[in-house]
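Peer 1: I need the structure of the sequence given here:
(4 chains)
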There are 2 protein chains.
Amino acid sequence: MKPALELLCKSLSRRDRLDKREIDILSSLNYKQMAFAKGAELISAHSRANSSCLVMSGLTARALMLEDGRRQLTALHIPGDFVDLHALLLKVMDHSVMAMDDCVAAFIPHNELIALTEQAPHLTRLLWLSTTIDAAIQREMIASIGRRTPLTHLGHLICELYLRMEVVGLAGGWRFQLALTQTDIADILGLSLVHTNRTVRDLRATGLVSWKNSDVVIHDFDRLAELAGFDATYLNLLSEPR
Amino acid sequence: MKPALELLCKSLSRRDRLDKREIDILSSLNYKQMAFAKGAELISAHSRANSSCLVMSGLTARALMLEDGRRQLTALHIPGDFVDLHALLLKVMDHSVMAMDDCVAAFIPHNELIALTEQAPHLTRLLWLSTTIDAAIQREMIASIGRRTPLTHLGHLICELYLRMEVVGLAGGWRFQLALTQTDIADILGLSLVHTNRTVRDLRATGLVSWKNSDVVIHDFDRLAELAGFDATYLNLLSEPR
DNA sequence: CGTCAGATTGATATTCATCAAGATCGGTGG
DNA sequence: CCACCGATCTTGATGAATATCAATCTGACG
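Peer 2: Presented below is the predicted three-dimensional model:
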């Protein structure tokens, strides 16, 4: 099977079992693969796309720009995430999708995805599910920005990213790569760059996490989760009939 | 047609045209209607439901509770919103849904909704769409909490609620009812009660909005939208093929 | 060696939370 | 009718959290 579809297949089958016919339908999808350099826009706000993209490698983020040029990142997406599935239904993008690092994405035409929804209801529900999990992650993010302290917010983010990356084989042994500058982190946390820097320093000072360049090491996940009030329910990591 | 289904039908047909067969399928759904007093939980976090609810009257909100008892509201839902459609796929709720005011909701069994997805792909896409619009609203909320000032955030919220309510006929003539206490507003904005009170005072001082008890009057929508950096794209108010 | 992006730190101003105290208003019982 | 009560709104005072400004430091790289 072509690599992007293999990835999608694995990603969907993590939440529920796919049968042979569904796998066939998935693997018959066409797509166009594209590479993006760090900082590039995969999709720009207010555009109308006729295809949706899946992250194959690298980190991407959804970004909302304010009139004054300030930026808020509203979601981080890792390889295997069907970032832009929202565009299939929304038609006009309300935000842009940016490459936080060099990355590769696969663009699947909307007409093929629509055809899929006509033929494979269960597969459709799994795609739908992936957008509702995105929404659950966004809710948690609202709670983090609104009510958690910067330190616990950052701890929460680390817990979430570790688990999400572990599931797709990008993390393990309590360590993972996080290719984000502190400016990027600031735009995720909704803080200033300087305060973000101090928050990272405070997190290191807890001794629960080491973080140097792009290497994050979690020394005690349970205590970090406790500090951050992290409860993985919202990630829906269990496989069950959907 | 039974009232809840009538409402759902109207709500979905706002974003795309429904054909006769689809309307028939919708109107054959069964549901159980329930009333909730202000402050009650329609759905509690961590529960597993076998039905999803649609708001028929009153205001509801999604709420995330932190360990220390503090609360963040992550979405407000008005009559016509299929609040809890997320539960159809998520299985375990990551948040609770609360009645912000006395309200009535219709609970539609999951097995009937699943059957609908098996028979009516286009209808399924419209239900899916409604969850992705929720997600778009949540993204805007992340940007508001993270990067807007309390005053512009509140102004943005007023613009959004006015338009959403206008579409379902609950607002008009630049006025609407908003039955929320300032404590509730604080939990939406992610601010303290006192600061929220001062923000409401500042908003009144702009002269763009009058707000007394539950009556909100917008005196100059365009200038309010400009103040708040409000752009309605994310609400997807246009009807087009999906 | 110079340059540049990113990280770090100190100093200061602004924003926001918290604490404490009224004020307002609708409802309720005498 | 009036006194009282609880919920909500409002305000002032204070301290903590956060933004902003301005350097400096570090490491990668041509």
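Peer 1: The residue nearest to A:Leu178 when sequence neighbours are not counted sits in which helix or strand?
Peer 2: If the residues on either side of it in the chain are set aside, A:Leu178 comes closest to A:Val216, at 5.0 Å by Cβ to Cβ, 6 or more residues apart in numbering or on different chains. C-beta coordinates here come from the backbone N, C-alpha and C atoms, glycine included. A:Val216 belongs to strand A:215-218 when assigned by DSSP states H and E.
Peer 1: Can you tell me which helices and strands the host helix or strand of A:His195 packs against?
Peer 2: Using DSSP H and E, the element containing A:His195 is helix A:193-205. Helix A:193-205 sits against helix A:150-167, helix A:182-189, strand A:209-212, with contacts defined as 3 or more Cβ pairs under 8 Å, 6 or more residues apart in numbering or on different chains; DSSP states H and E.
Peer 1: and the angle for the second one with helix A:193-205?
Peer 2: Just to be clear, that refers to helix A:182-189. Interaxial angle, helix A:182-189 versus helix A:193-205 (axes from the mean of the first three to the mean of the last three Cα atoms, to 10 degrees): 90 degrees.
Peer 1: cool, and the longest one?
Peer 2: Our comparison of helix A:150-167 with helix A:193-205, counting by the same axes, to 10 degrees, yields an angle of 70 degrees.
Peer 1: so does helix A:150-167 get close to DNA strand D?
Peer 2: Yes - using Cβ under 7 Å from any atom of the strand, helix A:150-167 reaches DNA strand D at A:Pro150.
Peer 1: Return the set of buried residues in the longest helix belonging to chain A.
Peer 2: Longest helix in chain A by number of residues (criterion: DSSP state H): helix A:121-147. Along helix A:121-147, these residues count as buried under the neighbour rule (16 or more other Cβ atoms under 10 Å in any protein chain shown): A:121-147.
Peer 1: again with stretch A:108-120
Peer 2: A:Ile108, A:Pro109, A:His110, A:Leu113, A:Ile114, A:Leu116, A:Thr117, A:Ala120.
Peer 1: repeat for stretch A:223-233
Peer 2: Within stretch A:223-233, the residues scored as buried using 16+ other Cβ under 10 Å are A:Leu224, A:Ala225, A:Leu227, A:Ala228, A:Gly229, A:Phe230, A:Thr233.
Peer 1: How about that stretch and DNA strand D, touching?
Peer 2: No - using Cβ under 7 Å from any atom of the strand, stretch A:223-233 never reaches DNA strand D; the gap is at least 14.6 Å.
Peer 1: Give me the residue ranges of chain A where confidence is low.
Peer 2: Within chain A, no range satisfies pLDDT under 70.
Peer 1: Now do the contacts for the most centrally placed residue in chain A.
Peer 2: For chain A, A:His77 is the residue whose C-alpha lies nearest the centre (Cα atoms, centre = their mean; 2.1 Å). Shown in contact with A:His77 (Cβ atoms under 8 Å, 6 or more residues apart in numbering or on different chains): A:Val55, A:Leu59, A:Thr60, A:Ala61, A:Arg62, A:Val83, A:Val97.
Peer 1: count of residues packed around A:Asp222?
Peer 2: Using other Cβ atoms under 10 Å in any protein chain shown, A:Asp222 is surrounded by 11 other residues.
Peer 1: give me the element it is part of.
Peer 2: Applying DSSP H and E, one finds A:Asp222 within helix A:221-228.
Peer 1: Can you classify the residue lying closest to A:Arg147 once chain neighbours are set aside as helix, strand or coil?
Peer 2: Leaving aside its sequence neighbours, A:Arg147 sits nearest to B:Gln72 (Cβ to Cβ, 6+ apart; 4.6 Å). Secondary structure for B:Gln72, judged by DSSP: H, G, I helix; E, B strand; the rest coil, is strand.
Peer 1: Look up which residues are beta-bridged to B:Gln72.
Peer 2: Beta bridges link B:Gln72 to B:Leu64, judged by DSSP bridges.
Peer 1: show me the contacts for it.
Peer 2: Contacts of B:Gln72 by Cβ under 8 Å, 6+ apart are A:Ile142, A:Ala143, A:Gly146, A:Arg147, B:Ala63, B:Leu64, B:Leu66, B:Asp187, B:Gly190.
Peer 1: residues touching the fifth one, list them.
Peer 2: Meaning B:Ala63. Taking Cβ under 8 Å, 6+ apart, we find B:Ala63 in contact with B:Arg71, B:Gln72, B:Leu73, B:Thr74, B:His95, B:Ser96, B:Val97, B:Met98, B:Asp187.
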